[in-house]
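> got a sequence here, can you build the structure:
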Amino acid sequence: MRTPRSGQSMAIIGFHHAAISTPNLERLVAFYRDVFGFETVFEFEWAGVDAFDRMLAVKGTAARVAMLRTGNSFLEFFEFSSPTPKPQDPERPVIDHGFTHICVAVDDAVAECARLEALGVRLHCPVIKSGLPVAGTYGRDPDGNVFEILEVCDPSHPLAFANRRLAALKEIPA
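Prediction:
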């Protein structure tokens, strides 16, 4: 892969993870573990570590962290105890600037959304089939963060790369 401006090769091999800051680490980990089946990979905490302060560009940080995995993707959660974070509006519209949502690929959006609703998960609307070969909807986790449930209905469509990649990974002998 070449960058448009420099013409030099990039070393990017894929998307690794997204991270969410939360006021309640246990609650959010339980939601993504119990509702979506993510597995906890590791947890740790820090306080007063200069390297983290420099990386985050915030002085005096302290936090607990959990990293969860599903398939070949990770989701990281931070519960900061220092400095005191500003709360997020739990009804923040997805049109506001910044990260808007995470997307979870599923094989059957209608069945997955029915399962989520039976668990009391709040979805924005029933599954919508668009002009693209996809079906899905958005919902909210307990902190109000938005997630998308997405089914790519045509396995030959470019959006289906994740499903093809996961299928290929399943075929690799252990």
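> Glu26 in helix, strand or coil?
Reducing the assignment to helix, strand or coil with DSSP: H, G, I helix; E, B strand; the rest coil, the entry for Glu26 is helix.
> in this protein, where is pLDDT below threshold?
1-10, 13, 161-174 (pLDDT under 70).
> show me where it has strands.
Using DSSP state E, the strands of the chain run over residues 17-21, 39-47, 62-70, 73-82, 102-105, 122-123, 128-129, 134-140, 146-152.
> what would those look like in TSV with distance to Pro93 and mean neighbour count?
The way it works is simple: take the backbone N, C-alpha and C, and place the C-beta from them, glycine included. Compiled in TSV, these are given as follows (distance: least, C-beta to C-beta, whole Å; neighbours: other C-beta atoms under 10 Å):
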stretch	distance to Pro93	mean neighbour count
strand 17-21	17	15
strand 39-47	30	12
strand 62-70	26	18
strand 73-82	22	18
strand 102-105	16	18
strand 122-123	15	14
strand 128-129	18	12
strand 134-140	11	19
strand 146-152	9	21
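> how about these in a markdown table, adding distance to Leu28?
Conversion of the strands of the chain to a markdown table gives the following (distance: least, C-beta to C-beta, whole Å):
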| stretch | distance to Leu28 |
| --- | --- |
| strand 17-21 | 7 |
| strand 39-47 | 12 |
| strand 62-70 | 8 |
| strand 73-82 | 5 |
| strand 102-105 | 12 |
| strand 122-123 | 15 |
| strand 128-129 | 26 |
| strand 134-140 | 12 |
| strand 146-152 | 12 |
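> which among these is found nearest to Met55?
When the strands of the chain are compared by C-beta to C-beta, strand 39-47 sits nearest Met55, at 11.0 Å.
> and the closest one, which strands flank it?
When sheet partners are counted by DSSP bridges, strand 39-47 sits next to strand 62-70 (antiparallel).
> now find how far off-centre stretch 56-73 is within its chain.
Stretch 56-73 has its C-alpha centroid displaced from the chain centroid by 12 Å (C-alpha atoms, centre = their mean, to the nearest Å).
> which residue lies nearest the spatial centre of the chain?
The centre of the chain sits closest to Ile102, judged by C-alpha atoms, centre = their mean, with a distance of 4.1 Å.
> from Glu45, how far off is it?
23 Å (C-beta to C-beta, to the nearest Å).
> again, but for Gln88
Look at Gln88 and Glu45: by C-beta to C-beta, they are 21 Å apart.
> returning to what we had before: list the contacts of the residue nearest to the centre of the chain.
Residues in contact with Ile102, defined by C-beta atoms under 8 Å, 6 or more residues apart in numbering, are Ala18, Leu75, Asn145, Val146, Phe147, Glu148.
> the fifth one: what's it in contact with?
Right, the one you point to is Phe147. For Phe147, the residues meeting the contact criterion (C-beta under 8 Å, 6+ apart) are His101, Ile102, Cys103, Val104, Tyr138, Gly139, Arg140, Asp141.
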